[in-house]
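Undergrad: what's the 3D shape of this:
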Amino acid sequence: MMVPLAWYLLLGVALFVIGAAGVLLRRNILVVLMSLELMLNSVNINFIAFGRQSNDFRGQIFALFVIAITAAEVAVALGILVALVRNKPTLKVDDVTIMKG
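TA: Numbering: from 1, shown residues only. As a prediction, the model looks like this:
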C-alpha cells in the first residue's frame, strides 16, 4: 500500500506552519530553537517524499545534509545559550539584549 505524495506534503506543510508559529509567537529561546528544528524536519520530510516519488536518492542525501547542519546549529546555539544564562538568568528573547553593540 503506497501513501500518496500529497499526504507527505500536507504533513510537511503542517509541521512547517506549527514551527513558524512557534518562532514568531514564542518568547523563550529554547522553544524558538525547537520550532526551528521542527521547520527543518518538515523540509526533510518534503525532500524525502520528492526523492521517493522520483525514485532517486537525492532527496535523502539533501535530508542528511540538513540533519548535519542542524546538529552543528544546535551545538553552537546551546553553547551561546549557556553563556547567556551565565550572564543573565532569563531565556526570554525580549530580555536578552547582551548582544547589542
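Undergrad: buried set for stretch 1-15?
TA: 8, 12, 15 (16 or more other CB atoms under 10 Å). Quick note: C-beta positions are derived from backbone N, CA and C, even for glycine.
Undergrad: In terms of secondary structure, what does the helix or strand where residue 9 lies contact?
TA: Element membership of residue 9 [criterion: DSSP states H and E] is helix 5-25. Identification of packing neighbours for helix 5-25 by 3 or more CB pairs under 8 Å, 6 or more residues apart in numbering; DSSP states H and E yields helix 29-53.
Undergrad: Only the buried residues of the helix it packs on, if you could.
TA: For helix 29-53, by 16+ other CB under 10 Å, it's 29, 32-36, 38-52.
Undergrad: Show me what it is packed against.
TA: helix 5-25, helix 58-87.
Undergrad: comparing the ones you listed, which gets the lowest mean pLDDT score?
TA: The minimum mean pLDDT among the helices and strands packed on helix 29-53 belongs to helix 58-87 (a mean of 91).
Undergrad: Can you check what angle separates that helix from helix 29-53?
TA: Between the axes of helix 58-87 and helix 29-53, defined by axes from the mean of the first three to the mean of the last three CA atoms, to 10 degrees, the angle is 170 degrees.
Undergrad: How far does helix 58-87 sit from its chain's centre?
TA: Relative to its chain's centre, helix 58-87 lies at 9 Å (CA atoms, centre = their mean, to the nearest Å).
Undergrad: list the contacts for the residue positioned nearest the centre of the chain?
TA: With distances taken as CA atoms, centre = their mean, the residue of the chain nearest its centroid is residue 37 (2.0 Å). Contacts for residue 37 (CB atoms under 8 Å, 6 or more residues apart in numbering) come out as 19, 70, 74.
Undergrad: measure it to residue 21 for me?
TA: For residue 37, the distance to residue 21 (CB to CB, to the nearest Å) stands at 14 Å.
Undergrad: again with residue 67
TA: From residue 67 across to residue 21, the span is 23 Å (CB to CB).
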